[in-house]
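>>> could you work out the structure for the sequence below:
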Amino acid sequence: MDCLDTERKVKIYELILSRYRELIKEKEERSISEIRQMINPYDDFVKSLRDDIIRDIQPYLQEKHFFSAVQKCTDYIKSIYNLKLPVIFYLTFKEIDELKVAPILDQSVLLCSLIRSLGSENAKVHIMNSNKIYVGFDFEFERYLIDPESGTLFRGGDVEAIFKSDKPSYSFSDLHFESFE
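Numbering: from 1, shown residues only. Sure thing, here's the model as predicted:
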């Protein structure tokens with residue numbers, strides 16, 4: 001396929017998206033409560049993906065291997081291309097893994113599911129007032145935040161500074177929900 005065909009296809013896809021934007025939005029729109037339900041550490045695909053990611057640290061012991069397993073999960077999420085679509089569109093965990101591309105919210109939900117599957121009951125997705133999204137958890141009496149967009153890990157005082165400068169609108173997981181609005 002030559003470059004011109006690819007360019008024309010992209011233009012047609014953009015036209016289709018533009019024309020059906022409202023219909024897609026209507027079908028894809030989800031409440032925070034519905035997005036929260038997407039976090040699923042017990043999902044067979046999540047458990048299988050987690051096992052693949054931490055294959056070289058078996059047997060996995062949470063108190064000994066949790067942080068290194070989280071690093072591996074973060075590296076996996078960093079390998080996924082950050083997709084910004086002109087419409088809201090959610091991907092399944094399997095689709096994210098196959099395509100290696102996803103919107104930041106989908107990446108965050110997957111990362112939170114993986115961290116929860118590692119045994120963290122306090123892992124949460126944080127949607128900030130600026131619409132920036134982080135995944136946070138506590139480990140050994142310290143708070144951590146992961147920026148799924150860049151893979152940056154913040155801890156301790158840096159986490160507090162982020163929450164001070166850009167307060168959360170929502171924090172949630174399959175176990176927790178907080179609205180700050």
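>>> mind listing the residues bridging to the closest residue to Glu178 other than its chain neighbours?
Leaving aside its sequence neighbours, Glu178 sits nearest to Ser171 (CB to CB, 6 or more residues apart in numbering; 4.6 Å). Every residue, glycine included, has its C-beta placed from N, CA and C. Counting by DSSP bridges, Ser171 is bridged to His126, Glu178.
>>> you'd agree Ser171 is up against Ala123?
No: the pair Ser171 / Ala123 is not scored as a contact, 10.5 Å apart, by CB atoms under 8 Å.
>>> common neighbours of the two, please.
By CB atoms under 8 Å, 6 or more residues apart in numbering, Ser171 and Ala123 have these common neighbours: Gly136.
>>> run through who's touching the helix or strand where Asp97 lies.
In this structure, Asp97 sits in helix 93-99 according to DSSP states H and E. The contact list for helix 93-99, computed with CB under 8 Å, 6+ apart, reads Asp43, Phe45, Val46, Leu49, Ile80, Leu91, Ala102, Asp106, Gln107, Leu110, Ser113.
>>> and that helix, what's its mean pLDDT?
Mean per-residue pLDDT for helix 93-99: 91.
>>> could you export that helix as PDB, CA atoms only?
The C-alpha trace of helix 93-99 is given here as PDB (Å, rounded to 0.1, in the frame of the first residue of the first chain):
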ATOM      1  CA  PHE A  93      -7.600  -4.800  28.600                       C
ATOM      2  CA  LYS A  94      -7.000  -7.400  25.900                       C
ATOM      3  CA  GLU A  95      -7.400  -4.800  23.100                       C
ATOM      4  CA  ILE A  96      -4.900  -2.500  24.900                       C
ATOM      5  CA  ASP A  97      -2.400  -5.400  25.100                       C
ATOM      6  CA  GLU A  98      -2.900  -6.500  21.500                       C
ATOM      7  CA  LEU A  99      -2.700  -3.000  20.000                       C
END
